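K.L.:
Prediction below, plus the sequence it came from.
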Amino acid sequence: MAVYHILVVHFPVALWLTAYLFIFFRTFSNSELAVRLQKAVWPLILLGSLAGAVAYALGLMIYPWSAITSSPLGRNHIMLATWTLSYWTVMGVLGYRYRRFLFVGAQRWITFILASIGALVVTITGTLGGSLTGTPSLVTKSLDLIGWNVYMTFYLPTWMIWLYFGGAVLLVLLGYAGRKSRG
Ligand code: HEM
């Protein structure tokens, strides 16, 4: 299964990062080409998520769950893969729903920052995968420089899970409040 996972992961990585490239270009350019490329952003992201879901499922089939979760590196890869897939999927849905407003006024910078976070998490997921195959990249080494040794550190305090949960509930409530106030 490893070979299929490695084959398929190239699709989400390429599709999401192409979407990021178009977002980057559009953030700094109002040219006709940039505006046209902007139209491809949400289809690229959602296609990436589709391929990402297949890659994720194949990843789960490489080793037994008890084996892959027995090392911090394996757990870090799974955690980042989960973030990456959910993050880009939400970005794709929002990108489709608000496609006309993504680059209007200050929203352009929010789009750019959110997409940059997406590019960062997919890069880290990929480099952790590379470390699993025994080919760590400079990104893995750079993470070490900022204090995250991906081979040794996996620590998710329980309060952090509560914080995630609280944040998610808060966002949903804010969404409802926003919808109500618009009538
Ligand atoms: C969006 C999801 C994912 C992405 C983008 C991703 C990306 C990658 C990449 C780039 C590699 C290295 C390929 C290479 O060195 O040529 C890799 C390897 C690996 N990934 Fe993932 N991955 C994802 C999800 C998962 C999941 C959910 C699991 C397991 C639960 C997993 C398990 C593995 C394993 C075990 C390897 C090493 C395979 C080997 O040693 O041959 N991956 N992944």
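P.N.:
Done, it's in. Residues are numbered from 1 along each chain as shown.

K.L.:
going forward, measure contacts between C-alpha atoms and count neighbours the same way
P.N.:
OK.

K.L.:
Spit out the contact partners of the residue positioned nearest the centre of the chain.
P.N.:
In the chain, the centroid-proximal residue (Cα atoms, centre = their mean) is residue 84; its distance is 2.8 Å. Counting by Cα atoms under 8 Å, 6 or more residues apart in numbering, residue 84 makes contact with 118, 121-122, 125.

K.L.:
where's it, which helix or strand?
P.N.:
Following DSSP states H and E, the helix or strand that holds residue 84 is helix 72-97.

K.L.:
and the very next helix or strand once past that helix, what other elements does it pack with?
P.N.:
Helices and strands here follow DSSP H and E; after helix 72-97, the next one along the chain is helix 107-132. The contact analysis (3 or more Cα pairs under 8 Å, 6 or more residues apart in numbering; DSSP states H and E) places helix 107-132 against helix 2-28, helix 72-97, helix 138-145.

K.L.:
Distance from the longest one to the middle of the chain?
P.N.:
Read that as helix 2-28. The gap between where helix 2-28 is centred and where its chain is centred comes out at 10 Å by Cα atoms, centre = their mean, to the nearest Å.

K.L.:
so does that helix get close to the ligand?
P.N.:
Yes. Counting by Cα under 6 Å from any ligand atom, the ligand has neighbours in helix 2-28: 2, 6, 9, 13.

K.L.:
Which of these are buried, as a ChimeraX select command?
P.N.:
For selection in ChimeraX, the members of the residues of helix 2-28 next to the ligand meeting the burial criterion (16 or more other Cα atoms under 10 Å) are listed in this command:
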select :6,9,13
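
K.L.:
Just put the residues of helix 2-28 next to the ligand in CSV and tack on pLDDT and distance to residue 76.
P.N.:
Formatted as CSV, these follow (pLDDT from 0 to 100; distance: Cα to Cα, whole Å):
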residue, pLDDT, distance to residue 76
2, 79, 17
6, 96, 17
9, 97, 17
13, 98, 18
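
K.L.:
And the helices and strands packed on helix 107-132, which one averages the lowest pLDDT?
P.N.:
Ranked by mean pLDDT, these bottom out at helix 138-145, which scores a mean of 89.

K.L.:
Identify the residues contacting it?
P.N.:
123-124, 127-128, 131, 149-150.

K.L.:
okay, among those residues, which ones form the most distant pair?
P.N.:
By the measure Cα to Cα, the contacts of helix 138-145 have their two most distant members at 123 and 149, which lie 15.9 Å apart.

K.L.:
Spell out which parts of this structure neighbour the ligand.
P.N.:
Of all the residues in the chain, those lying near the ligand are 2, 6, 9, 13, 52, 55-56, 59-60, 62, 78, 81, 84-85, 125-126, 129-130, 132-133, going by Cα under 6 Å from any ligand atom.

K.L.:
Where does the record place the domain boundaries for this protein?
P.N.:
Per the record's domain assignment (automatic domain parsing), the chain is made up of the domains 2-152, 157-183.
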